[in-house]
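Colleague: prediction below, plus the sequence it came from.
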Amino acid sequence: MQKQDSTHRQKGQHLTSLERGKVAGFRQAGKSNRWIAAEIGVCPQTINNEIKRGTVDQVKKSNGKRVYHRQYLPEAAQARYETARLSCHRPDKFASVQVFLAWYVQRAKQDKWSPDASIGYAKRHKLFTPEELVCASTLYQYIDDQRLDIRNIDLLEKTKRKTSHQHHTKAKRLAGRSIEERPKVVERRRQFGHWEMDTIVGKRNGKESVILTLIERKTRCQLLRLIEGRDADSVSYALRGIKREWGACIKTITADNGPEFTALNTAFAGTETEIFYAHPYTSCDRGTNEAHNRMIRQDFPKGMSLDDISPSQVQDTQDRLNQLPRKQQGYCTPQQNFEAEARRVRRMAQ
């Protein structure tokens, strides 16, 4: 009768204690190593190695004499296997990288740097030797194992990431030109000067001071302004100052359909800046803006009254985020890249 297996043994899988018991039983029944290998589903050399591993010297008395013989014992084979497994892993580097770990914890607490940003910055600026560093996966593992004074709850993205589902809803009337009319070059993030805009509200849902946020898509550099309310006049007033300083660096702005952004076309009248509006109820159209808003919320959590903060506190948050090394930027900071791009734009305008 042909033998049929419902499961296939995974390549490289080690023998289990149950299979070692089978090997011992088959040997006592007089089966060959090749037959045993076919029965268990491994190559014959695996059985040869296993028998060699589990064979021990045995002694017994017969007619008052000691008789020595060699015998395969599955218990001895399992014990030797488990002992060997203890030495097959990489040595733990935790004790030898304490200086780097202390530096990372300080960066995480003071500047809210992520593990990846900390490691990338340290490598780029050669702050530590390779032997004094660990990779990002290992650092995250240390945090998971609670071996550092940083917990997963302290990491902005790790406990909040969700599977994204993009839905384009057209039920609400757009405040201006649709994002579908926006040039495709904006999506590739290779051209400087394309911005996303939003507001962050406080305790009374926009009936008090709010934070106006603009982020440049290529460099991820942010401009934050504390404005008096969530209305078009307050936004237009703040944009006048931004235009005077950075007007040459603003080619397009993508905003949502909130009432505070209804006058953007008027605010940028007479300039080359183009205004586009995202699909209604589709925050993923401004994914960069939304992701960085969560970073701003570290300093100004939901439910906090923004009437109680000062423009200097908002400026401190802006400086912190713009000086955070980014993996997408080769672990340079948004501030460095933005200043380089702004200088290039101003030279071309002369």
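Modeller: Structure's in. What do you need? Residues are numbered from 1 along each chain as shown.
Colleague: where exactly do the helices run in this structure?
Modeller: Using DSSP state H, the helices found in the chain span residues 17-28, 33-40, 44-54, 74-85, 98-111, 115-124, 136-144, 232-246, 264-267, 287-296, 311-322, 334-349.
Colleague: run through this protein and note the low-pLDDT ranges.
Modeller: Low-confidence segments of the chain (pLDDT under 70): 1-7, 159-174, 205-206.
Colleague: so G30 versus I275, what's the distance?
Modeller: 87 Å (C-beta to C-beta, to the nearest Å). The C-beta positions use only the backbone N, C-alpha and C, and glycine is treated the same way.
Colleague: settle it for me: which of the two has more neighbours?
Modeller: Relative neighbour count places I275 above the other of G30 and I275, with 19 against 7, counting by other C-beta atoms under 10 Å.
Colleague: list the contacts of the more buried one.
Modeller: G176, R177, T252, I253, A255, L264, N265, F268 (C-beta atoms under 8 Å, 6 or more residues apart in numbering).
Colleague: buried among the residues you listed? Need that as a selection in ChimeraX.
Modeller: Buried residues among those (16 or more other C-beta atoms under 10 Å), as a ChimeraX selection:
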select :252,253,255,264,268
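Colleague: mind listing which of the contacts of I275 are in strands?
Modeller: Under the assignment DSSP state E, these contribute T252, I253, A255 to strands.
Colleague: with distance to E39 as added columns, please give these in TSV.
Modeller: Shown next, in TSV, are the ones in strands among the contacts of I275 (distance: C-beta to C-beta, whole Å):
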residue	distance to E39
T252	69
I253	71
A255	70
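Colleague: before we move on, back to that, point out the most buried one among the helices of the chain.
Modeller: helix 115-124 (a mean of 19; mean count of other C-beta atoms under 10 Å).
Colleague: tell me the angle that helix makes with helix 136-144.
Modeller: On the basis of axes from the mean of the first three to the mean of the last three C-alpha atoms, to 10 degrees, helix 115-124 is oriented at 130 degrees to helix 136-144.
Colleague: for stretch 296-313, the distance to its chain's centre please.
Modeller: For stretch 296-313, the separation from the chain centroid amounts to 25 Å (computed by C-alpha atoms, centre = their mean, to the nearest Å).
Colleague: buried ones in that stretch, by neighbour count?
Modeller: In stretch 296-313, counting by 16+ other C-beta under 10 Å, buried: I296, D299, F300, L306, I309.
Colleague: leaving out the residues flanking it, which one is nearest to F338?
Modeller: Using C-beta to C-beta, 6 or more residues apart in numbering and skipping the chain neighbours, the partner closest in space to F338 is C221 (3.6 Å).
Colleague: coming back round to it: can I get the helices of the chain in JSON lines including distance to D198?
Modeller: As requested, the helices of the chain are arranged in JSON lines below (distance: least, C-beta to C-beta, whole Å):
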{"stretch": "helix 17-28", "distance to D198": "59"}
{"stretch": "helix 33-40", "distance to D198": "62"}
{"stretch": "helix 44-54", "distance to D198": "61"}
{"stretch": "helix 74-85", "distance to D198": "53"}
{"stretch": "helix 98-111", "distance to D198": "23"}
{"stretch": "helix 115-124", "distance to D198": "23"}
{"stretch": "helix 136-144", "distance to D198": "29"}
{"stretch": "helix 232-246", "distance to D198": "11"}
{"stretch": "helix 264-267", "distance to D198": "12"}
{"stretch": "helix 287-296", "distance to D198": "5"}
{"stretch": "helix 311-322", "distance to D198": "14"}
{"stretch": "helix 334-349", "distance to D198": "17"}
